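Participant: heads up, no residue letters with this:
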């Protein structure tokens, strides 16, 4: 097996905070009278908060004009609502299969990292009690470019002193898969295959993963 490290996305892989993101964006959209559906929310997965806001505003049926300060205020309002939601998280919210997969990583002496666009990553991992499981965390507070830019993945590989070609990225978003491929890494998609085009392996959830597939990578 050529794997030396596993890089985990956070939202949708370790914990389902996607519903919180949707609830917060939907609340903002309603306030701005912008129609916004769960299907449209898929476009926001894995991208930065400001880029997500830009996408949301582009869905408005009427012209919207905001100053840079007003844009910042809108993003802060969404994040405040999202923060209220994530503060309800507990260890019980960890998604099925994650702990078993992490045990497999430990058994095989693989280094581990979190690679997330979220600036709330620290809060979430502390709420879940999993910070000590990872050698490094690379999130929105450390990178300039959001996925699908490969920056977050390459920085994690650098932190771990592992060549990108020996890293496996676990992602639930198309932008994440594209970024991992651009970084020259192996990919495991979790979720809908139609969204995860290009992933070497796709499973509906981590508890459905047969780790023997990874040993062949």
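Facilitator: Yep, it's here. Keep in mind that what you see is a predicted model, and the values were worked out from it rather than measured.
Participant: helices or strands up against the lowest-mean-pLDDT helix or strand in the chain?
Facilitator: Counting by mean pLDDT, DSSP states H and E, the weakest-scoring helix or strand in the chain turns out to be helix 212-215, with a mean of 89. Counting by 3 or more CB pairs under 8 Å, 6 or more residues apart in numbering; DSSP states H and E, no packing neighbours are recorded for helix 212-215 among the helices and strands. The C-beta positions use only the backbone N, C-alpha and C, and glycine is treated the same way.
Participant: Quick one: residues in contact with stretch 87-95.
Facilitator: Surrounding stretch 87-95, the residues in contact under the criterion CB atoms under 8 Å, 6 or more residues apart in numbering are 13-17, 123-124, 127-130, 205-207.
Participant: Farthest-apart pair in the residues you listed, please.
Facilitator: Spanning the widest gap among the contacts of stretch 87-95 are 123 and 207, at 25.2 Å by CB to CB.
Participant: All the helices of this protein, residue numbers only.
Facilitator: Counting by DSSP state H, the chain has these helices, from start to end: 18-31, 38-41, 49-58, 68-86, 98-107, 121-128, 151-160, 174-182, 212-215.
Participant: Which one, of the ones you listed, ends up nearest to residue 1?
Facilitator: Evaluated over the helices of the chain, closeness to residue 1 peaks at helix 212-215, with 5.0 Å, by CB to CB.
Participant: What are the buried residues along the closest one?
Facilitator: Neighbour counts over helix 212-215 (16 or more other CB atoms under 10 Å) mark residue 214 as buried.
Participant: same deal with stretch 79-99?
Facilitator: For stretch 79-99, burial by neighbour count (16+ other CB under 10 Å) applies to 81-82, 86, 89, 94-95, 97-99.
Participant: go on, stretch 8-16?
Facilitator: Of the residues in stretch 8-16, those buried by neighbour count under the rule 16+ other CB under 10 Å are 8-15.
Participant: Would you quantify the distance from residue 173 to residue 109?
Facilitator: In this structure, residue 173 and residue 109 are separated by 28 Å, where distance is defined by CB to CB, to the nearest Å.
Participant: between these two, who's got more neighbours?
Facilitator: Remark: of residue 173 and residue 109, residue 173 carries more neighbours, 27 against 8, as counted by other CB atoms under 10 Å.
Participant: wait, doesn't that one sit right on residue 45?
Facilitator: Yes - using CB atoms under 8 Å, residue 173 makes contact with residue 45 at a distance of 4.1 Å.
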